[in-house]
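Participant: Here is my input; please provide its structure:
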Amino acid sequence: MLSEPTLTSRPEGGWDIPLLVWHADGPLRAVSSGPLGGGIGVRHWVLNATVPMSYDRDDPAAHLAALAADLALDGPGVGLLTGVDVAEVVARTDTGVRAWATVGLGTPVLAAAPAPAGLVQRVGTVNIVVYVPARLADSALVNAVATATEAKTQAITELGLPGTGTPTDAVTVLCPVDGPEAAYGGPRSTWGAPLARAVHAAVLSGGARAVVPWSEQLPD
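Facilitator: Below is the predicted model:
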């Protein structure tokens, strides 16, 4: 089982910068596109860290590993970064599937659009974390990432934004290591359907609010 996230912070640059942490009560199977703990494997925690919009480190995995060490997070986990204040996380549940999203849509892009010359990726970012209460096969985990991405894109379209996401979005899906294995994670499968609805609802709700990047909320 994956916990509800805990909000904490870290001191950096004279400010307390927000961190969101999910703990597992035992090992979980996971698939993630995050900079730390990406791929498929067993994970014990998820960390979603706010960073300034000026963030330009070229070692995000090492940065996240250091933050995890400071929090005494044991074992392998997943680390994500966003320019959004992670305290603004939106949670939705559907048929036992739980989804959380931190939604920064200040830099929407169309996935297949040509990149303009000199493009600098801003870290606004939509980060999605999902817990499915059934063991998913590797193929179903990969399919679940696609389903979550489709649901995110549907929400962005319904918000009227000219994009399919942002350049730095990430998805993490976790599930138990034991139990009967579900073979499918598509949007009409047993677990993919509620996953899609939960992710869609979370991103739609988060994107409907006026979200100001955390670093742009700071006093001058």
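Participant: For the rest of this, base every contact and every neighbour count on C-alpha atoms.
Facilitator: Noted.
Participant: Same question for the longest strand belonging to the chain: list its buried residues.
Facilitator: The longest strand of the chain (DSSP state E) is strand 15-32. Within strand 15-32, the residues that count as buried by 16 or more other C-alpha atoms under 10 Å are 17-24, 27-32.
Participant: Closest one of those residues to residue 85?
Facilitator: residue 18 (6.5 Å; C-alpha to C-alpha).
Participant: my guess is that closest one meets residue 9, correct?
Facilitator: Yes. Residue 18 is within contact range of residue 9, at 4.3 Å (criterion: C-alpha atoms under 8 Å).
Participant: on that earlier part again, show me what the longest strand of the chain is packed up against.
Facilitator: When contacts are defined as 3 or more C-alpha pairs under 8 Å, 6 or more residues apart in numbering; DSSP states H and E, strand 15-32 packs onto strand 6-12, strand 39-50, helix 138-158, strand 170-176.
Participant: Quick one, which of those gets closest to residue 70.
Facilitator: By C-alpha to C-alpha (comparing all of those), the closest turns out to be strand 6-12, at 8.8 Å.
Participant: the inter-axis angle of that closest one versus strand 39-50?
Facilitator: Between the axes of strand 6-12 and strand 39-50, defined by axes from the mean of the first three to the mean of the last three C-alpha atoms, to 10 degrees, the angle is 70 degrees.
Participant: Tell me how far strand 6-12 lies from the chain's centre.
Facilitator: 17 Å (C-alpha atoms, centre = their mean, to the nearest Å).
Participant: pLDDT score for residue 107?
Facilitator: Listed pLDDT for residue 107 reads 85.
Participant: nearest spatial neighbour of it, skipping sequence neighbours?
Facilitator: residue 166 (5.7 Å; C-alpha to C-alpha, 6 or more residues apart in numbering).
Participant: Quick check: the one you found touching residue 125?
Facilitator: Yes. With contact defined as C-alpha under 8 Å, residue 166 counts as touching residue 125 (5.8 Å).
Participant: so what's in contact with those two at the same time?
Facilitator: The contact sets of residue 166 and residue 125 overlap at residue 105 (C-alpha atoms under 8 Å, 6 or more residues apart in numbering).
Participant: okay, these two: which has more neighbours?
Facilitator: Just comparing residue 166 and residue 125: by other C-alpha atoms under 10 Å the higher neighbour count belongs to residue 125, 26 against 22.
Participant: got a list of what the more buried one touches?
Facilitator: Contacts of residue 125 by C-alpha under 8 Å, 6+ apart are 81-84, 102-105, 166-170.
Participant: Format those as JSON lines; extra columns: secondary structure and distance to residue 188.
Facilitator: Listed next are these as JSON lines, based on DSSP: H, G, I helix; E, B strand; the rest coil; distance: C-alpha to C-alpha, whole Å:
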{"residue": "81", "secondary structure": "strand", "distance to residue 188": "30"}
{"residue": "82", "secondary structure": "strand", "distance to residue 188": "30"}
{"residue": "83", "secondary structure": "coil", "distance to residue 188": "33"}
{"residue": "84", "secondary structure": "coil", "distance to residue 188": "31"}
{"residue": "102", "secondary structure": "strand", "distance to residue 188": "25"}
{"residue": "103", "secondary structure": "strand", "distance to residue 188": "25"}
{"residue": "104", "secondary structure": "coil", "distance to residue 188": "28"}
{"residue": "105", "secondary structure": "coil", "distance to residue 188": "27"}
{"residue": "166", "secondary structure": "coil", "distance to residue 188": "26"}
{"residue": "167", "secondary structure": "coil", "distance to residue 188": "27"}
{"residue": "168", "secondary structure": "coil", "distance to residue 188": "27"}
{"residue": "169", "secondary structure": "coil", "distance to residue 188": "24"}
{"residue": "170", "secondary structure": "strand", "distance to residue 188": "22"}
